[in-house]
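> Here is my input; please provide its structure:
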Amino acid sequence: MIMTKSFKNKKGFSLLEMLVTLVVFAVLMTMIVQVLVLSINAGRRIAGRSKVRGDLSEIAVMIRRDFRNSSRIDQTLCGESISFINPDGTNAVSSAPACFFNMTGNNYAWVYGSNVTECPENKLCKLKQNPSGVYELYYQSSDILKFDPLGTRFELTLYQQTEKTTQGILLASLTANVSDYVNIEVATQYRQISVFTRNF
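Numbers count the residues shown, from 1 in each chain. Next up is the predicted model:
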């Protein structure tokens, strides 16, 4: 006796139903992927902005602390267009914003960098004078920041308090953008620092 199988009662999905299911699944996956991409990009932008603002705030805090603790600020070497040549003939700063000061017996300077100084172009650096009188790189702003020479400046105003003591107010303006090779969309950042200097 030969057994025959009956396929009359077997049910399945039609080709049209499968195609509709695949289309709906593809649309949902596309929407999910787009939401994930947007979330990742938004997180990257937020992290980039935080990094830029954090780096700039760190420099502002350092400048404020240095000038508040300084024992003497060189009035002739604190301004918008300063030049100073080291004893070895190299440029510490070349016609750029800078401010030289003394702190704890050591000479320092905050300078805007250029292509003829040890401080790289569009960077803000802190220099320290070595025993031979040469200012060497002590601190350099992060690679993510690009300082604007027109918006970055130092201004020192001195006034005679008594016959033997002089006080001053130092104003520092910092303007920074994101470096050209960094893929972060951040608006120009500004910081203004006002410091009442000690007697010197």
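> Can you tell me which residue sits nearest the middle of this protein?
residue 145 (3.5 Å; C-alpha atoms, centre = their mean).
> Tell me if I'm right that that residue and residue 176 touch.
Yes: assessed by C-beta atoms under 8 Å, residue 145 is found in contact with residue 176 at 4.7 Å. In short, each C-beta sits where N, CA and C put it, glycine included.
> Need the overlap of contacts for these two.
Counting by C-beta atoms under 8 Å, 6 or more residues apart in numbering, the shared contacts of residue 145 and residue 176 are 52, 56.
> Tell me where this protein has strands.
Listed in chain order, the strands of the chain (DSSP state E) span residues 72-85, 91-103, 106-112, 124-129, 135-140, 145-147, 153-160, 166-178, 189-196.
> Distance to residue 36 and mean pLDDT for those - can I get that in JSON lines?
Output for the strands of the chain, formatted as JSON lines (distance: least, C-beta to C-beta, whole Å; pLDDT from 0 to 100):
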{"stretch": "strand 72-85", "distance to residue 36": "48", "mean pLDDT": "92"}
{"stretch": "strand 91-103", "distance to residue 36": "44", "mean pLDDT": "94"}
{"stretch": "strand 106-112", "distance to residue 36": "42", "mean pLDDT": "96"}
{"stretch": "strand 124-129", "distance to residue 36": "38", "mean pLDDT": "96"}
{"stretch": "strand 135-140", "distance to residue 36": "37", "mean pLDDT": "95"}
{"stretch": "strand 145-147", "distance to residue 36": "30", "mean pLDDT": "92"}
{"stretch": "strand 153-160", "distance to residue 36": "44", "mean pLDDT": "86"}
{"stretch": "strand 166-178", "distance to residue 36": "25", "mean pLDDT": "88"}
{"stretch": "strand 189-196", "distance to residue 36": "29", "mean pLDDT": "90"}
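> I'd like the ones you listed laid out as JSON lines, including distance to residue 42.
As requested, the strands of the chain are exported to JSON lines (distance: least, C-beta to C-beta, whole Å):
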{"stretch": "strand 72-85", "distance to residue 42": "39"}
{"stretch": "strand 91-103", "distance to residue 42": "35"}
{"stretch": "strand 106-112", "distance to residue 42": "34"}
{"stretch": "strand 124-129", "distance to residue 42": "30"}
{"stretch": "strand 135-140", "distance to residue 42": "31"}
{"stretch": "strand 145-147", "distance to residue 42": "22"}
{"stretch": "strand 153-160", "distance to residue 42": "35"}
{"stretch": "strand 166-178", "distance to residue 42": "17"}
{"stretch": "strand 189-196", "distance to residue 42": "19"}
